[in-house]
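1. okay, predicted coordinates and the sequence, questions at the end:
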Amino acid sequence: MINGMLFKAKTGVAWRDLPERYGPWKTVYNRFWRWSRNGTLTMLVCRARVIAEAIDELDREVSVDSSIVRAHQHAAGARRQATGHTGGQRRRRSD
């Protein structure tokens, strides 16, 4: 169960694409959701950190690959093309 959660966190796959060896994806998801809401995950991570620090095995290196960290084009300020469709905009009424 925990390995399934770690696999999801490491790879970023969709819950439905979780390999069968971790059990039913819905079970892993439900337990992850419940544990994250009730503090169990936080407690497990804290205990693992304490053990890793005690045996000097804690690696605090973080890396972000900027080639995959992108904003959507509209969030990045891209201009919209005029398509003739007003979308959610109101049209002016001519009185």
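-> Done, it's in.

2. which intervals of the protein have sub-threshold pLDDT?
-> 61-95 (pLDDT under 70).

3. show me where it has helices.
-> Under the criterion DSSP state H, the chain contains helices at 2-11, 25-38, 40-54.

4. mind listing residues that contact the shortest one?
-> Right, the one you point to is helix 2-11. Contact with helix 2-11 is made by V13, W15, L18, P19, Y22, G23, W25, V28, R31, F32, L44, as judged by C-beta atoms under 8 Å, 6 or more residues apart in numbering. Where C-beta positions appear, they are placed from N, C-alpha and C, glycine not excepted.

5. any chance of the helices of the chain in JSON lines, plus distance to R60 and mean neighbour count?
-> Below are the helices of the chain laid out as JSON lines (distance: least, C-beta to C-beta, whole Å; neighbours: other C-beta atoms under 10 Å):
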{"stretch": "helix 2-11", "distance to R60": "17", "mean neighbour count": "14"}
{"stretch": "helix 25-38", "distance to R60": "22", "mean neighbour count": "14"}
{"stretch": "helix 40-54", "distance to R60": "10", "mean neighbour count": "11"}
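
6. just put the contacts of helix 2-11 in JSON lines and tack on distance to I55.
-> Shown next, in JSON lines, are the contacts of helix 2-11 (distance: C-beta to C-beta, whole Å):
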{"residue": "V13", "distance to I55": "30"}
{"residue": "W15", "distance to I55": "33"}
{"residue": "L18", "distance to I55": "30"}
{"residue": "P19", "distance to I55": "30"}
{"residue": "Y22", "distance to I55": "27"}
{"residue": "G23", "distance to I55": "29"}
{"residue": "W25", "distance to I55": "33"}
{"residue": "V28", "distance to I55": "28"}
{"residue": "R31", "distance to I55": "27"}
{"residue": "F32", "distance to I55": "27"}
{"residue": "L44", "distance to I55": "17"}
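
7. fine by me, thanks again.
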